[in-house]
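A.B. asks: fold the following and give me the result.
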Amino acid sequence: MARESEEQIARQGRVTALVIAGTMLIWLAAQFIGPRIGLAGRYALLIDLLALAAFIWAFVNIYQIWRKRQGN
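C.D. replies: Numbers count the residues shown, from 1 in each chain. Below you'll find the model as predicted:
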């Protein structure tokens, strides 16, 4: 049972890491490409808010992982 728990924690950590990295790459690409294609400021703000939401989700997951590791 402990092995399954460790694998689940590791899987959750990998997903969280992918969300953080993917969010950062998409946000950077949007910041680079947006002005070049004439993207309106409100869409840039929307992209910023979506990135912020993804980071908040990731930090909540990091906290959950930390709490699970403390329990073990």
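A.B. asks: where does this protein have low pLDDT?
C.D. replies: Along the chain, segments meeting pLDDT under 70 span 1, 72.
A.B. asks: now the strands for it?
C.D. replies: Assigned by DSSP state E, the strands in the chain number zero.
A.B. asks: Ala44 reaches Ala30, doesn't it?
C.D. replies: Yes: applying Cβ atoms under 8 Å, one finds Ala44 in contact with Ala30, separated by 7.3 Å. (C-beta placed from N, C-alpha, C; glycine too.)
A.B. asks: and these two? which has more neighbours close in?
C.D. replies: Neighbours were counted for Ala44 and for Ala30 using other Cβ atoms under 10 Å; Ala30 has more, 18 against 14.
A.B. asks: can you tell me how far the more buried one is from Glu4?
C.D. replies: Shown here: Ala30 relative to Glu4, a distance of 38 Å by Cβ to Cβ, to the nearest Å.
A.B. asks: gap between the top helix by length along the chain and the chain center?
C.D. replies: Using DSSP state H, we find that the single longest helix of the chain is helix 2-37. With Cα atoms, centre = their mean, to the nearest Å as the basis, helix 2-37 stands 5 Å off its chain's centre.
A.B. asks: and that helix, what's buried?
C.D. replies: Going by neighbour count (16 or more other Cβ atoms under 10 Å), the buried part of helix 2-37 is Ile9, Thr16, Ile20, Thr23, Trp27, Ala30.
A.B. asks: ok, stretch 51-64 next?
C.D. replies: Burial within stretch 51-64, assessed by neighbour count using 16+ other Cβ under 10 Å, is assigned to Ala51, Ala54, Ala58, Asn61.
A.B. asks: how far away is the first one from Ile26?
C.D. replies: When distance is defined by Cβ to Cβ, Ala51 is 7 Å away from Ile26.
A.B. asks: and the third one, by the same measure?
C.D. replies: When Cβ to Cβ is the yardstick, Ala58 and Ile26 sit 13 Å from each other.
A.B. asks: please apply the same query to Glu7.
C.D. replies: In terms of Cβ to Cβ, Glu7 sits 28 Å off from Ile26.
A.B. asks: thinking again about what came up before, take the buried residues of stretch 51-64 and keep only those in helices.
C.D. replies: Filtering the buried residues of stretch 51-64 for helices - DSSP H - leaves Ala51, Ala54, Ala58, Asn61.
A.B. asks: I appreciate the help and will end here.
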